[in-house]
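Novice: need a 3D model of the sequence below.
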Amino acid sequence: MSITAVLLPIYVLVGLTFVLLVWLGRSRVLALKAGEVKMGDIALGERNWPKRLLQIQNSYHSQFEVPVLFYVLVVLALITRKADMLFVVMSWMFVASRLVHAAIHTTSNRMVWRFQAFLVGVLILIAMWIIFAIRVAGAEAGI
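Specialist: Next up, the predicted model:
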């Protein structure tokens, strides 16, 4: 598999993270300018932001939780040359689940839907790690 094909899903996931960051920053500035929140209200705690901003903030923070395990796996798969077509397809499936999760998180925030998107992504990532581990162990064993 080409390095570009393996890295493209990461670029999309990093892009999502930056979009959420810019959206969050812009929304915070607008909330402060509109007087929805005062600087003193948020200086020591984030919970004083309006609910809508907390949704965006939580979605942004979520990009530094489970996706970190994906980033590590991609780096390891590149180093060990275990990234193949299945790996890339599963990477895109994981990224799609994260895009859906973020969309739900920042719009309706329906917990059931959000959890389902999260669970799908986690199950895909677990499967990717298992497949990767088996392939590395198999290569070590000469299988």
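Novice: neighbours of residue 44, just the number please.
Specialist: Neighbourhood size, residue 44 [other C-beta atoms under 10 Å]: 8. C-beta: built from backbone N, CA, C; applies to glycine.
Novice: kindly report the same for residue 17.
Specialist: Based on other C-beta under 10 Å, the number of other residues close to residue 17 is 18.
Novice: so what's it up against?
Specialist: Contacts for residue 17 (C-beta atoms under 8 Å, 6 or more residues apart in numbering) come out as 60, 63-64, 67.
Novice: filter these to the buried ones?
Specialist: Listed as buried from the contacts of residue 17 are 60, 63, 67; burial here means 16 or more other C-beta atoms under 10 Å.
Novice: among the contacts of residue 17, which one lies nearest to residue 92?
Specialist: residue 67 (13.8 Å; C-beta to C-beta).
Novice: tell me the confidence at the residue positioned nearest the centre of the chain?
Specialist: For the chain, the residue nearest the mean C-alpha position is residue 63 (3.8 Å; C-alpha atoms, centre = their mean). What the model reports as pLDDT for residue 63 is 98.
Novice: would you mind measuring from it to residue 2?
Specialist: Look at residue 63 and residue 2: by C-beta to C-beta, to the nearest Å, they are 25 Å apart.
Novice: same thing with residue 92?
Specialist: 14 Å.
Novice: more neighbours: which of the two?
Specialist: residue 92 (15 against 9).
Novice: can you give the contact residues for the lowest-mean-pLDDT helix or strand in the chain?
Specialist: Here the helix or strand of the chain ranked lowest by mean pLDDT, DSSP states H and E is helix 39-42, holding a mean of 87. Contact with helix 39-42 is made by 32, 48-49, as judged by C-beta under 8 Å, 6+ apart.
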